[in-house]
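Participant: Coordinates for the following, if possible.
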Amino acid sequence: MGQWNGPGRWAACVAVCLVLSGCMAPGGTGDDETVSRFGAIGAGGGIGSEATDESRSAVISALQGRQSILPPGGSYDQVAGAVLAANSRTAEAELRAARLRAEAASKNWLPKIGPNISLTSLSEVVATIFVEQVLFDHGRLRSERLFAKADVEVAAVGLAQDTNERLESALSLYLDTAEARERFALEGRTLKDMSHFQWVMNECVQGGVSDRSDLNVLNQKLAEIRARQAAAQEASVTAMAELNAMSGVPLDDVTGIDALGVAGRGVKSLAVLRAEAERDRDIAQAQVDRAGLLPGLTASGTTGSSSDGPDVTVGGGQLIGFGTGANLKAIEMAKDTAQRRVGQATEDAARAERRLEARIVALERQASEARQLETQAKANLDLFQSQYDAGQRQVMDVVGVYETYASRQSAAVDLKYELARTRLELARRLGLLADGSDI
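Facilitator: The predicted structure follows:
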């Protein structure tokens, strides 16, 4: 091939590569794809036309469509707003990095240009510009773009999971605080009533009407109540201190808990969305690996003080050996494995959601029964109190009934907050603790 130098040679190399790339663009693979999934790049440095790119992603569209079930202006919403404002959002940085990688991959079908400087045998420095354009690569470049797109989806789901997990942790701490405060108030009322019984028993002992052993029993019960009250106060202080550390602003004045209508939303679990995104990424990686085993077609040329080309080269893949067929079959199996992981994730998520939904229904029933039992225990206590006032009952008889009433109150508190935590867990799995568009 004849040698020719100067600007004309450089222009010819670039023109040939651009013409050839135009014939194959943007896939560089001989496919009929006409627009890269991440081909529209904005001038601002991020992925341009984000709505266009993301609207083509079923995973990101599903994330954006999620609406928070936290009642606006409620206690949960106040806690969530404060906690999100103080979030360092490490997963957001990972998503930005994935977007930049996708932006870089969106241009991988264009010619690649680089300097080449060498020292000849005559001790002369030869500087050239090397231009290379992939003409046929068995779908490697297209698969690299698909891999980058799926990587963005995985990072987006990771950000949604991270945000919902953070909110669940914060709201769980808030529930711990609210439960401890309610228990502190409950033990305070119990202590007040039991102190009255202890005073009556003390008067009876001093008057010789009752035995001191009953007074000792009441003193022991009072000590246990004071211990439970102190433990509740400590738990409240600890949980609130941790919550304030997460939020960065004091949340001590927030009170009350909201009822969350989380069941029956019909949205896909975040775990399933992540499995789908990882499946797409794994399949794209398998396609890249497959293309790496097969030879491709590349056009290249150099220009500068020493120029040659343009040349068309067949190669680029690994050397074909006796194990190449098995490697190709293993890559195909990797695609099947990725699909099976989605099925497994879907099954696991469905099982967890059905379990939580059934648990919510059971807890709602148990909470209703606990309130009824509490009402019945209060009626029994009032009856025994009236009988005691009429001289038909002893003090210890009333104390026993009162303890039953107090235990019913405590059980109602247990079920109330267990139900709230179960609803939070289900909402976290479904990604319903924050608006997807805000994330």
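Participant: which residue ranges form the strands in the stretch 1-150 of the chain?
Facilitator: 112-119, 125-136 (DSSP state E, counting those that start in this stretch).
Participant: Tell me which of the ones you listed sits most buried.
Facilitator: Most buried of the strands of the stretch 1-150 of the chain by mean neighbour count (mean count of other CB atoms under 10 Å) is strand 125-136; its value is a mean of 18. (Each C-beta comes from the backbone N, C-alpha and C, glycine too.)
Participant: what packs against it?
Facilitator: Secondary-structure packing of strand 125-136 (3 or more CB pairs under 8 Å, 6 or more residues apart in numbering; DSSP states H and E): helix 7-24, strand 112-119, strand 296-304.
Participant: For Gly325, find the nearest of the strands of the stretch 1-150 of the chain.
Facilitator: With CB to CB as the measure, strand 125-136 is the member of the strands of the stretch 1-150 of the chain nearest Gly325 (21.1 Å).
Participant: shouldn't Val83 be in contact with Met246?
Facilitator: Yes - the criterion here is CB atoms under 8 Å, and Val83 meets it with Met246 at 5.3 Å.
Participant: Those two - which one has more neighbours?
Facilitator: Val83 (23 against 18; other CB atoms under 10 Å).
Participant: how much space between the more buried one and Gln64?
Facilitator: To Gln64, Val83 is 21 Å away according to CB to CB, to the nearest Å.
Participant: same deal with Val79?
Facilitator: 24 Å.
Participant: Compare the two (neighbour count), which wins?
Facilitator: For Val79 and Gln64, the more surrounded residue by other CB under 10 Å is Val79, and the numbers stand at 23 against 18.
Participant: and the more buried one, what does it touch?
Facilitator: 170-171, 174, 243, 247, 251, 254 (CB atoms under 8 Å, 6 or more residues apart in numbering).
Participant: The same query, at a cut-off of 6 Å, please.
Facilitator: Applying CB atoms under 6 Å, 6 or more residues apart in numbering, we find Val79 in contact with 170-171, 174.
Participant: which of those lies closest to Thr422?
Facilitator: Checking the contacts of Val79 one by one against Thr422 (CB to CB), the nearest turns out to be Leu171, at 12.3 Å.
Participant: Quick one: work out the angle between the helix or strand hosting that closest one and strand 296-304.
Facilitator: Element membership for Leu171 (DSSP states H and E) is helix 140-206. With axes from the mean of the first three to the mean of the last three CA atoms, to 10 degrees applied, the angle from helix 140-206 to strand 296-304 works out at 110 degrees.
Participant: Pull out the buried positions in stretch 80-89.
Facilitator: Using 16 or more other CB atoms under 10 Å as the test for burial, stretch 80-89 gives 80, 82-84, 87.
Participant: How about stretch 334-348?
Facilitator: For stretch 334-348, burial by neighbour count (16+ other CB under 10 Å) applies to 334-335, 338, 342, 345-346.
Participant: likewise stretch 199-219?
Facilitator: Residues 200-201, 204-205, 210, 214-215, 218 are the ones in stretch 199-219 that count as buried (16+ other CB under 10 Å).
Participant: Return the item of those residues having minimum pLDDT.
Facilitator: pLDDT is lowest at Ser210 among those; the value there is 78.
Participant: you'd agree that one is in a helix?
Facilitator: No - Ser210 is assigned coil when assessed by DSSP: H, G, I helix; E, B strand; the rest coil, not a helix.
Participant: roughly how far apart are it and Asp258?
Facilitator: Per CB to CB, Ser210 is found 49 Å from Asp258.
Participant: next one: Arg393
Facilitator: Distance of Arg393 to Asp258, computed by CB to CB: 43 Å.
Participant: do Asp289 as well
Facilitator: As defined by CB to CB, Asp289 lies at a distance of 50 Å from Asp258.
Participant: again, but for Glu234
Facilitator: Taking CB to CB, one finds Glu234 at 26 Å from Asp258.
Participant: So those two - more neighbours on which side?
Facilitator: Between Glu234 and Asp258, counted using other CB under 10 Å, Asp258 has the larger neighbour count: 16 against 12.
Participant: Just say helix, strand or coil for that one.
Facilitator: Under the three-state scheme (three-state DSSP), Asp258 adopts coil.
Participant: Now do the contacts for it.
Facilitator: 71, 74-76.
Participant: separation between it and Leu432?
Facilitator: Distance, Asp258 to Leu432, by CB to CB: 13 Å.
Participant: can you list the weak-confidence ranges in the chain?
Facilitator: Segments of the chain classed as low confidence (criterion: pLDDT under 70) are 1-55, 116, 118-127, 264, 304-321.
Participant: Which residue would you name as the spatial centre of it?
Facilitator: Nearest residue to the geometric centre of the chain (CA atoms, centre = their mean): Gln161, 0.6 Å.
Participant: Could you count how many residues lie near Val272?
Facilitator: Val272 has 22 neighbouring residues, counting by other CB under 10 Å.
Participant: Specify which member of the buried residues of stretch 199-219 is nearest to Ala185.
Facilitator: Using CB to CB, the buried residues of stretch 199-219 come closest to Ala185 at Leu218, 21.7 Å.
Participant: quick one: what helix or strand has the closest one in it?
Facilitator: In this assignment (DSSP H and E), Leu218 forms part of helix 212-247.
Participant: circling back: selection in PyMOL covering whichever of the contacts of Asp258 are buried, please.
Facilitator: The following PyMOL line selects those of the contacts of Asp258 that are buried, judged by 16+ other CB under 10 Å:
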select buried, resi 74+75+76
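Participant: Quick check: the farthest pair among the contacts of Asp258?
Facilitator: Using CB to CB, the contacts of Asp258 span at most 8.7 Å, a distance reached by Pro71 and Ser75.
Participant: from the buried residues of stretch 334-348, which is closest to Ala230?
Facilitator: Ala230 lies nearest to Ala345 out of these, by CB to CB, at 45.4 Å.
Participant: Surely the closest one touches Ala275?
Facilitator: Yes - contact criterion CB atoms under 6 Å: Ala345 and Ala275 qualify, at 3.5 Å.
Participant: Can you name the residues bridging to the closest residue to Phe136 other than its chain neighbours?
Facilitator: Once flanking residues are discounted, Phe136 sits nearest to Leu297: 4.0 Å by CB to CB, 6 or more residues apart in numbering. Under DSSP bridges, the beta-bridge partners of Leu297 are Phe136, Val314.
Participant: Look up how far Trp199 lies from the nearest residue to Arg212 once chain neighbours are set aside.
Facilitator: Computed as CB to CB, 6+ apart, the closest residue to Arg212 that is not its neighbour in sequence is Val205, at 5.3 Å. Distance, Val205 to Trp199, using CB to CB: 11 Å.
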